[in-house]
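Trainee: Following is a predicted model, sequence given first.
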Amino acid sequence: MKTVIINVVIVVSALSLIPMNSNAQESNKKNISSSEKVMIERIFQEIARTDQLYRNPLAKGTTDQKIIAQIDSVFDNEGIEAGLTYEKSLDLSLPKAVEDSLWMLQHANDLQNHLTIKGLWEIYGYISKEVIEEKNHVQLLLLVHPPKDWDIPTYLEEYSAFLLQEVNAKRMPAKIYATFVDNIKGKILREPQLYGTNQQFDPASQKVLPPQIEDLEQSNAARKAIGLPILKEGEYRLLGK
């Protein structure tokens, strides 16, 4: 079965080389059959595994799976702030040669996974949880992990235009779309968020802070345009304040 999945991934990845059609309509997307659903679920499982295969050890600063499991347990059971505090207390690090090697492997995974998911979208559109729930989050994972050396402003422009069509077609949740845009703007481009969906960790205070936006009126207008409720006091921070 693994060979079958690999062959499907190769075909789907080849389809991803077709330029994204930002004007795609819902009627142009293929319905997912029961057999296709099983295959996509298995592809999602493999993507979930390979997306974190080297990224997790790199983030934790260790390849020791027991230590990684313990850190993840604290995050899962005690929350983000406790997890970050515990992880920092371990003071772990990898030799640079190991880091470079792991990043090379992870970048190769990211490119392959991204091309695969892009190929699926060209055929079916963004795959909603109503159709496939298992590992559905991998679609957002890949969106916020663009392949290495891609031009990020162009990536954001092209993908946000395409995915907005998927929001309008009711396949992609508006919150997921907004999270993608804010993640790229805030974490990669180092710009204020537009929709105000991503909380931010402050190393100085060791606290998770509300999202940082530039203009409340602009952000609320953008949120209302895709069906999200407006931001309320305490749910955001204004740039420079």
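Mentor: Happy to help now that I have it.

Trainee: and V167, what does it touch?
Mentor: The neighbourhood of V167, defined by C-beta atoms under 8 Å, 6 or more residues apart in numbering, consists of 173-174, 177, 226-227. Heads up, the C-betas are built off the backbone N, CA and C, glycines and all.

Trainee: So which of the residues you listed are in helices?
Mentor: Mapping those onto helices (DSSP state H) picks out 174, 177.

Trainee: Quick check on the contacts of V167: which are buried?
Mentor: 173-174, 177, 226 (16 or more other C-beta atoms under 10 Å).

Trainee: from those residues, which two are the most distant?
Mentor: Put simply, by C-beta to C-beta the two of the buried ones among the contacts of V167 set farthest apart are P173 and I226, 9.6 Å from each other.

Trainee: In the chain, where is pLDDT below threshold?
Mentor: Along the chain, the parts satisfying pLDDT under 70 run over 1-27, 241.

Trainee: just the helices in it please.
Mentor: Taking DSSP H as the criterion, the chain carries its helices at 2-15, 34-51, 55-60, 65-78, 80-90, 96-124, 138-143, 152-168, 174-183, 216-225.

Trainee: closest to R190 out of those?
Mentor: Counting by C-beta to C-beta, R190 lies closest to helix 152-168 out of the helices of the chain; the figure is 10.5 Å.

Trainee: For the closest one, buried residues please.
Mentor: Under 16+ other C-beta under 10 Å, the buried positions of helix 152-168 are 156, 159-160, 162-167.

Trainee: Take those residues and write them to CSV, including distance to P211.
Mentor: Shown next, in CSV, are the buried residues of helix 152-168 (distance: C-beta to C-beta, whole Å):
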residue, distance to P211
L156, 17
Y159, 20
S160, 17
F162, 24
L163, 19
L164, 20
Q165, 25
E166, 23
V167, 19
